[in-house]
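Participant: Fold the stuff below for me.
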Amino acid sequence: MTLCTTSMLLCPLTHCSSAPSLALNLVRSSRGSSLKGFLDAGLPRRTLLTSVLFHSFMMCSSSPVSARSKISEAEQILKNVEWPEQFPFKKEDFQRFDESPDTIFYSSPRFVTHIDDYAIQALTKYYASIFPPSNTPGVALLDMCSSWISHYPKGYRQERIAGLGLNDEELKRNQVLTEYAVQDLNKNPLLPYEDNSFDVITNAVSVDYLTKPLEVFREMRRVLKPGGIAVMSFSNRCFWTKAISIWTGTGDVDHVYIVGSYFHYAGGYEPPQALDISPNPGRSDPMYVVFSRKRKAESS
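Facilitator: Presented below is the predicted three-dimensional model:
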C-alpha cells in the first residue's frame, strides 16, 4: 500500500486485516473452505481487534511477493467449496467496535474516495466489461451503499440508475444516478424496490459494513431480474470502527470467502465467483470482486 497520507487525513480509513488471511494460516482445506478452522477453533472474535488496530497503523505497505501470491488464492477460494450445512457465522461476528447508529456516523458528507486512483480505474474498467451498453431500453441498475460517486464508466447512462445510501448530500451530488433514497440497511434491510426491478446491483467497498448480510442479499435477489448480476467489490481499507468483527479479524482471501457465503446462504443465486482485479499488486490498493447472478428459475 502506498496511500498512508492524504486519504487517511481526509477520512480515517485503515487496513482491515492484521495479516494475510489468519484463517488460511490456521487451516487449509483442499476443497477451499477457508474459515472453517477459524470458526471450529473457537477463537475469540472480538479480541482480534487489538492486533488489528496495531497493524492498521504500522503496516502501511505490503510485499509485492505476498500480494501476488494472494491473487490466485482470492480467485480460487470460491471454486469447489464444500459449504457447511448451516451459515457458519454467529451473531457476534457482525458486531462492530462502534455500535452507534450509522446515520450518526454518516451524517456529515465525505466528498472523498476511499480507494486510490489505480483501484478506482480497475473497478471502472471491470464495470465497463459487464454493464449493459449505455441507453439500453428497459435496463436498470442499483448502486447500493452509494455516495457522491459510483465509479461507473465515464458518460454511462441508463433510463434508471437508482442509488441507495446514508447521506442525502452525497447522493444528491452523484451525477450518474437518476434517483436515490436514504436508508440504513443495518436498521432496515428491506430494499424499497419492486420485485425483479434491476439488471445489475453494485456495492463498492461497503459490503464489510453490513450487519444483516443474509437479509440484504435475499432482498437483492428479490429485486434483481432473473439472470441479473450482483457485484460486490472491496479493498483492504475500511472505517474499522464500523466494519464487522469477522472482517477486521481476517485477511483479504477470507473476505472473498465471507462475501461468497452471503450469496450461497441467501439462496437463489448461481455459485458465486471471485476476481482479483488489483491493478498494481503491492504498489497500490488491492481490489477484489465477488459476484453472482440470480438464478433464472427464481421468480422472486
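
Participant: how about the lengthiest strand in the chain as PDB, C-alpha atoms only?
Facilitator: Using DSSP state E to define each element, the chain has its longest strand at strand 224-234. The C-alpha atoms that make up strand 224-234 are tabulated as PDB, following Å, rounded to 0.1, in the frame of the first residue of the first chain:
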ATOM      1  CA  LEU A 224     -32.900  -8.500  -9.300                       C
ATOM      2  CA  LYS A 225     -34.400  -9.600 -12.600                       C
ATOM      3  CA  PRO A 226     -33.800 -13.300 -13.300                       C
ATOM      4  CA  GLY A 227     -30.300 -13.600 -14.700                       C
ATOM      5  CA  GLY A 228     -29.400 -10.200 -13.200                       C
ATOM      6  CA  ILE A 229     -25.900  -9.800 -11.700                       C
ATOM      7  CA  ALA A 230     -24.900  -8.500  -8.200                       C
ATOM      8  CA  VAL A 231     -21.300  -7.300  -7.900                       C
ATOM      9  CA  MET A 232     -19.700  -6.700  -4.500                       C
ATOM     10  CA  SER A 233     -16.300  -5.100  -4.700                       C
ATOM     11  CA  PHE A 234     -13.900  -4.300  -1.800                       C
END
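
Participant: tell me which residues of it are tucked away?
Facilitator: 224-225, 228-234 (16 or more other Cβ atoms under 10 Å). Glycine gets a C-beta too; all of them are placed from N, C-alpha and C.

Participant: and the end-to-end length of stretch 153-171?
Facilitator: 17 Å (Cα to Cα, to the nearest Å).

Participant: Can you list the strands that the longest strand of the chain pairs with?
Facilitator: Partners of strand 224-234 in the sheet, by DSSP bridges, are strand 198-204 (parallel), strand 288-293 (antiparallel).

Participant: who's in contact with the longest one?
Facilitator: Pointing back at strand 198-204 there. Strand 198-204 is contacted by residues 123, 127, 130-132, 139-145, 150-151, 162, 220, 223-225, 228-234 when judged by Cβ atoms under 8 Å, 6 or more residues apart in numbering.

Participant: Done for today, thanks.
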